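*Asks:* Here you go, sequence then predicted model.
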Amino acid sequence: MPLNVIVLAAGQGKRMHSDRPKVLHMLGGRSLLGRVVDTARDLGAAKIVIVHGHGGEVVRAAFAGDVDLAWAEQREQLGTGHAVLQAMPHVDKAADVLVLYGDVPLIEAASLRRLIEAAPTTLAVMTAYADDASAYGRIVRDKTTSRVLRIVEHKDAIPEERAIKEWNTGLLATSAARLAGWLGRIKNTNAQKEYYLTDIIALAVADGLEVRTVQPANTWEVEGVNSKRQLAELERVHQRANAAALMEAGLTLADPARFDVRGNLIFGRDVSIDVNCVFEGTVKLGNRVTIGPNCVLKNVSIGDDTEINPYSLLDQATVGARCRVGPYARLRPGAALAEEVHIGNFVEVKNTKIGTGSKANHLAYVGDSELGSGVNIGAGTITCNYDGVNKQRTVIEDDVFVGSNATLVAPVRIAKGSYIGAGSTISKNTPQGQLTVARAKQVSIPAWKPPAKKG
């Protein structure tokens, strides 16, 4: 039967102390709800129904381009059973149903597959164990047969039940037909006056079914986010697990506890990453790439044998093989470096192609430009690319030497083999192979005296 997934995402999340809906808070570069949706897709769900409530318009807007999602509104917060009931009109009657939560972001598809496989003829519930299961619903079993009898919420539990260490994660799987029947029978006779989804366990037992339980591969998979503290804790759990998997695949990390991937990291052989580096979006690192400490790389591709030195920021840039970038360098969107390019300390490059072997080693800004091969950009050089309205381009041909503190006023072309004298302001195209100097005549005034202070 097809699989339909219901994701409960209607909670307000008061303990987050935020105007942003809880399920839109970020973990590992993806929203909590986005992670759950991705997992549902990994399972091959034929339909994904998201139950929204608090901040529903904002939540839906965040997934505006996701045409495979169906939406159900829970206008009144009357409990998890009531929330699932709102989703049922969207569910295929002949489907298997998996219920997930938008604030439980790290559940693995492999654990959920085992849950689904346990449920074809009954109800399967994912449980976990903890020495202190405070605030969680407890799994009450028959003392003789160990079969599941019901789930009791913490607030409704007696002391003996609160001592139970097996707790309910809320994740469950069953058929749509059974789920619809049970939802119509649950009542709100409890401390919260809510319709608990967990009450369907007792109803399944009353119908003569043996409720099956499945445990996740890792307990952290079923931990939820209800506060900023819990969000930060799960972020570190996610990053540690991610780092462990990447190291198993051959990545060298100086310290896996100080390493963050907020997207996808693709790497070759013998890649080394120092501490406190952040990788966002999709980052591709070639063979033998080294990344120094405290670097941030976002949607970047880096070629073989390239070295990114400390405190460098690379955003939507392409770096060729055998390049050296930084320390303290910034490559902005559209920066494209060919092979053996050097970009040094406090150099900023934006929307610029730089040819093989060219160098800008110190204190320069190169924007909206095209540099040939073998170009040297002196310290303090800038391209003046913005006239207040439009961006203009600077073209620097092969084997040009630009002296220190030069100002290149775009649009301008520096011809092949040109030399630009230090301190020059160049606003006209230069001839090939010649030295061009454009600076005011130096004058000394012998009789000049500095102004004297009055009084």
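*Replies:* Happy to help now that I have it.
*Asks:* Could you measure from the nearest residue to Gly79 once chain neighbours are set aside over to Ser175?
*Replies:* Nearest residue to Gly79 in three dimensions, chain neighbours excluded: Glu194, at 3.0 Å (CB to CB, 6 or more residues apart in numbering). All C-beta spots, glycine's among them, are computed from the backbone N, C-alpha and C. Going from Glu194 to Ser175 by CB to CB, to the nearest Å gives 24 Å.
*Asks:* swap in Gly417?
*Replies:* Taking CB to CB, one finds Gly417 at 77 Å from Ser175.
*Asks:* Which of these two has more residues huddled nearby?
*Replies:* Neighbour totals were compared for Gly417 and Ser175, and Ser175 leads with 19 against 16 (other CB atoms under 10 Å).
*Asks:* For that one, report the pLDDT, please.
*Replies:* With respect to pLDDT, Ser175 scores 97.
*Asks:* Would you check that Glu161 makes contact with Arg138?
*Replies:* Yes - the pair Glu161 / Arg138 is scored as a contact, 5.2 Å apart, by CB atoms under 8 Å.
*Asks:* Now for the two: what residues contact both?
*Replies:* Listed as contacting both Glu161 and Arg138 by CB atoms under 8 Å, 6 or more residues apart in numbering are Val152.
*Asks:* So between the two, which is more surrounded?
*Replies:* Arg138 (24 against 17).
*Asks:* What residues does the closest residue to that one other than its chain neighbours make contact with?
*Replies:* Using CB to CB, 6+ apart and skipping residues adjacent in sequence, the residue nearest Arg138 is Ile164, 4.0 Å away. Contacts for Ile164 (CB under 8 Å, 6+ apart) come out as Ala133, Arg138, Ile139, Val140.
*Asks:* ok, the last one to Val125 distance?
*Replies:* Using CB to CB, we find Val140 at a distance of 12 Å from Val125.
*Asks:* Just want to know which of those two has more residues nearby.
*Replies:* More crowded of Val140 and Val125, by other CB under 10 Å: Val125, with 26 against 18.
*Asks:* In what element of secondary structure is the more buried one found?
*Replies:* Using DSSP states H and E, Val125 sits within strand 124-129.
*Asks:* quick one: buried residues of that strand?
*Replies:* Ala124, Val125, Met126, Thr127, Ala128 (16 or more other CB atoms under 10 Å).
*Asks:* can I get those residues in TSV with distance to Ile48 and pLDDT?
*Replies:* Converted to TSV, the buried residues of strand 124-129 look like this (distance: CB to CB, whole Å; pLDDT from 0 to 100):
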residue	distance to Ile48	pLDDT
Ala124	19	97
Val125	21	97
Met126	18	97
Thr127	24	97
Ala128	24	96
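*Asks:* for these, which one is nearest Ala232?
*Replies:* Ala128 (20.9 Å; CB to CB).
*Asks:* Longest helix in this protein, please.
*Replies:* Longest helix in the chain, counting residues (DSSP state H): helix 228-248.
*Asks:* and it, how far out from the chain's middle?
*Replies:* 12 Å (CA atoms, centre = their mean, to the nearest Å).
*Asks:* Next: stretch 122-131.
*Replies:* On CA atoms, centre = their mean, the centre of stretch 122-131 falls 29 Å from that of its chain.
*Asks:* what residues does it touch?
*Replies:* By CB under 8 Å, 6+ apart, stretch 122-131 touches 111, 115-116, 118, 136, 139, 148, 151, 165-174, 178, 200-201, 204, 209-216, 219, 222.
*Asks:* Out of those residues, name the ones that lie in helices.
*Replies:* Using DSSP H, the contacts of stretch 122-131 in helices are Ser111, Leu115, Ile116, Arg178, Ile200, Ile201, Ala204.
*Asks:* can I assume the second one is in contact with Thr174?
*Replies:* Yep, that's Leu115 we're talking about. No - counting by CB under 8 Å, Thr174 is not a contact partner of Leu115; they are 10.2 Å apart.
*Asks:* quick one: which of these two has more around it?
*Replies:* The residue with more neighbours, out of Leu115 and Thr174, is Thr174; 25 against 22, by other CB under 10 Å.
*Asks:* and the more buried one, what is it in contact with?
*Replies:* Applying CB under 8 Å, 6+ apart, the residues near Thr174 are Asp96, Val97, Ala119, Thr122, Leu123, Ala124, Ala204.
*Asks:* Ok, Ala415 next?
*Replies:* Ala415 neighbours (CB under 8 Å, 6+ apart): Glu397, Val400, Asn429, Thr430, Pro431, Gln432, Gly433.
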